[in-house]
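Enquirer: got a predicted model here, sequence first, then my questions.
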Amino acid sequence: MREIKIEQIIATVKKMCIEANCIIGEGVTQALEKALETEESPQGKEIRQ
């Protein structure tokens, strides 16, 4: 059985969490732009910008 050091697991999970929260996919970007176009409330538009 292969052994993996806990430090390697921590570093990999940390990197994946940062990427998941910082790198936005094209589909998400398009959805946010569409939501801005269809948002009715001024507060909602301000928050989405």
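Expert: Yep, that arrived. Small disclaimer: the values here were computed from a predicted structure and weren't measured.

Enquirer: strands along this protein, start to end?
Expert: Counting by DSSP state E, the chain has no strands at all.

Enquirer: ok, longest helix in it?
Expert: Longest helix in the chain by number of residues (criterion: DSSP state H): helix 6-22.

Enquirer: now that one: mean pLDDT?
Expert: Across helix 6-22, pLDDT averages out at 95.

Enquirer: list the buried residues for that helix?
Expert: When burial is assessed from 16 or more other Cβ atoms under 10 Å, helix 6-22 yields no buried residues. In short, each C-beta sits where N, CA and C put it, glycine included.

Enquirer: alpha carbons only: can I get that helix in PDB?
Expert: Extracted in PDB, the C-alpha atoms of helix 6-22 (Å, rounded to 0.1, in the frame of the first residue of the first chain):
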ATOM      1  CA  ILE A   6      -0.100  14.400   5.500                       C
ATOM      2  CA  GLU A   7       1.800  17.500   4.500                       C
ATOM      3  CA  GLN A   8       1.300  16.600   0.800                       C
ATOM      4  CA  ILE A   9      -2.400  16.100   1.300                       C
ATOM      5  CA  ILE A  10      -2.700  19.400   3.100                       C
ATOM      6  CA  ALA A  11      -0.800  21.200   0.400                       C
ATOM      7  CA  THR A  12      -2.900  19.700  -2.300                       C
ATOM      8  CA  VAL A  13      -6.200  20.300  -0.700                       C
ATOM      9  CA  LYS A  14      -5.200  23.900   0.100                       C
ATOM     10  CA  LYS A  15      -4.200  24.500  -3.600                       C
ATOM     11  CA  MET A  16      -7.500  23.000  -4.800                       C
ATOM     12  CA  CYS A  17      -9.600  25.100  -2.400                       C
ATOM     13  CA  ILE A  18      -7.800  28.300  -3.500                       C
ATOM     14  CA  GLU A  19      -8.300  27.400  -7.200                       C
ATOM     15  CA  ALA A  20     -12.000  26.500  -6.700                       C
ATOM     16  CA  ASN A  21     -12.600  29.900  -5.100                       C
ATOM     17  CA  CYS A  22     -10.400  32.100  -7.300                       C
END
